[in-house]
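Student: Sequence and computational prediction follow.
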Amino acid sequence: MTEALFRQDAYLRQAPARVVAHAARGVVLDRSLFYPNGGGQPGDRGNLRWEGGAMEVVDTLKGDGEDIALVPQDGADLPPVGTQVMQSLDWELRLRHMRMHTALHLLSVVIPLPVTGGQIGAEKSRLDFAMETPPADKQVLEDALNALIARDLEVSERWITEAELDANPGLVKTMSVQPPKGAGRVRLVRIGTAEEQTDLQPCGGTHVRRTSEIGPVRFGKVEKKSRLNRRFSIHLAD
């Protein structure tokens, strides 16, 4: 089982670790800075360095059980099992994913409809909504999203039991992806405070600490994907 350092501190950029296995999907460490692809968020990239060697990490995937597998560049030398390594994130990529992820949570507030799909990217991210008719004014929605971002709201987390989630099904906004279960508890990401809460939903991904870190965003196309689904794309203004 890989210890998920990104869940303890999403801003940690470097950390030592030990190689515990060479798995089919990649190198497995005892502790990982790297977020594995899942929940619409891409896997992290970066590198491993050790005495006498280095390995580029081109993707991060879920391995067997709770393992996290770091995918090496084709033809790369792998650190031997038992080797102590220093892992370093491609921080600019991770930060863009964090900013986008938190922005999508806010988009689900601005458009309070069931989410039928989503994907985070460094350049463009999107949510699909169960929306039969197009929005009357896309600019109004973009302005509302940027207003929420500018409020500098706190982003925090708390954990509840799976039984508590089952008793509060309204917390789950996504129709296509259900929160991971089986560990006995579920992580909730809150935007705002308990007293003045803007959003609360299950999420295993990485987020910024405050919404102001997202910066301004702009909408891309609003696409009709089916009779009952519309896709909203967003871009970071920078």
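Tutor: Yep, that arrived. Numbering: from 1, shown residues only.
Student: So for the residue nearest to the spatial centre of the chain, what's the pLDDT?
Tutor: Centroid-nearest residue in the chain: Gly205, 3.3 Å away (criterion: CA atoms, centre = their mean). Listed pLDDT for Gly205 reads 95.
Student: unless I'm mixing things up, it is touching Pro36, no?
Tutor: No. Taking contacts as CB atoms under 8 Å, Gly205 lies outside contact range of Pro36: 10.4 Å. Where C-beta positions appear, they are placed from N, C-alpha and C, glycine not excepted.
Student: Kindly check the end-to-end length of stretch 143-161 for me.
Tutor: One end of stretch 143-161 sits 36 Å from the other (CA to CA, to the nearest Å).
Student: How about stretch 201-216?
Tutor: End-to-end distance for stretch 201-216: 23 Å, by CA to CA.
Student: Can you point out the buried residues in that stretch?
Tutor: Counting neighbours by 16 or more other CB atoms under 10 Å, one finds that the buried residues in stretch 201-216 are Gln201, Pro202, Cys203, Gly204, Gly205, Thr206, His207, Val208, Arg210, Thr211, Ile214.
Student: How about stretch 62-80?
Tutor: Within stretch 62-80, the residues that count as buried by 16+ other CB under 10 Å are Gly63, Asp67, Ile68, Ala69, Leu70, Val71, Pro72, Ala76, Pro79.
Student: quick one, what contacts the nearest residue to Leu89 once chain neighbours are set aside?
Tutor: Nearest-residue entry for Leu89: Gly46, 4.4 Å, with adjacent residues in sequence omitted and distances by CB to CB, 6 or more residues apart in numbering. Contacts for Gly46 (CB atoms under 8 Å, 6 or more residues apart in numbering) come out as Leu33, Phe34, Glu56, Val57, Gln87, Ser88, Leu89, Asp90.
Student: Kindly give the local confidence score, pLDDT, for Gly46.
Tutor: The score at Gly46 is 98. That number is its pLDDT.
Student: Same check on the one 10 residues further on?
Tutor: Looking at Glu56, its pLDDT stands at 98.
Student: Could you do the one 10 residues further on as well?
Tutor: For Glu66, the pLDDT comes out at 90.
Student: What's opposite the residue nearest to Leu89 in the beta bridge?
Tutor: Gly46 has these beta-bridge partners by DSSP bridges: Val57, Leu89.
Student: now swap in the one 4 residues further on and tell me
Tutor: Listed beta-bridge partners, Trp50: Gly53 (assigned using DSSP bridges).
Student: can you list the weak-confidence ranges in the protein?
Tutor: Across the chain, residues meeting the criterion (pLDDT under 70) sit at 173-183.
Student: Gln41: what's it in contact with?
Tutor: By CB under 8 Å, 6+ apart, the contact list for Gln41 reads Tyr35, His97, His101, Ile120, Gly205, Thr206.
Student: Which of these fall in helices?
Tutor: Residues of the contacts of Gln41 located in helices (DSSP state H): His97, His101.
Student: Dump the contacts of Gln41 to a markdown table, plus distance to Leu228.
Tutor: Formatted as a markdown table, the contacts of Gln41 follow (distance: CB to CB, whole Å):
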| residue | distance to Leu228 |
| --- | --- |
| Tyr35 | 32 |
| His97 | 29 |
| His101 | 25 |
| Ile120 | 23 |
| Gly205 | 26 |
| Thr206 | 31 |
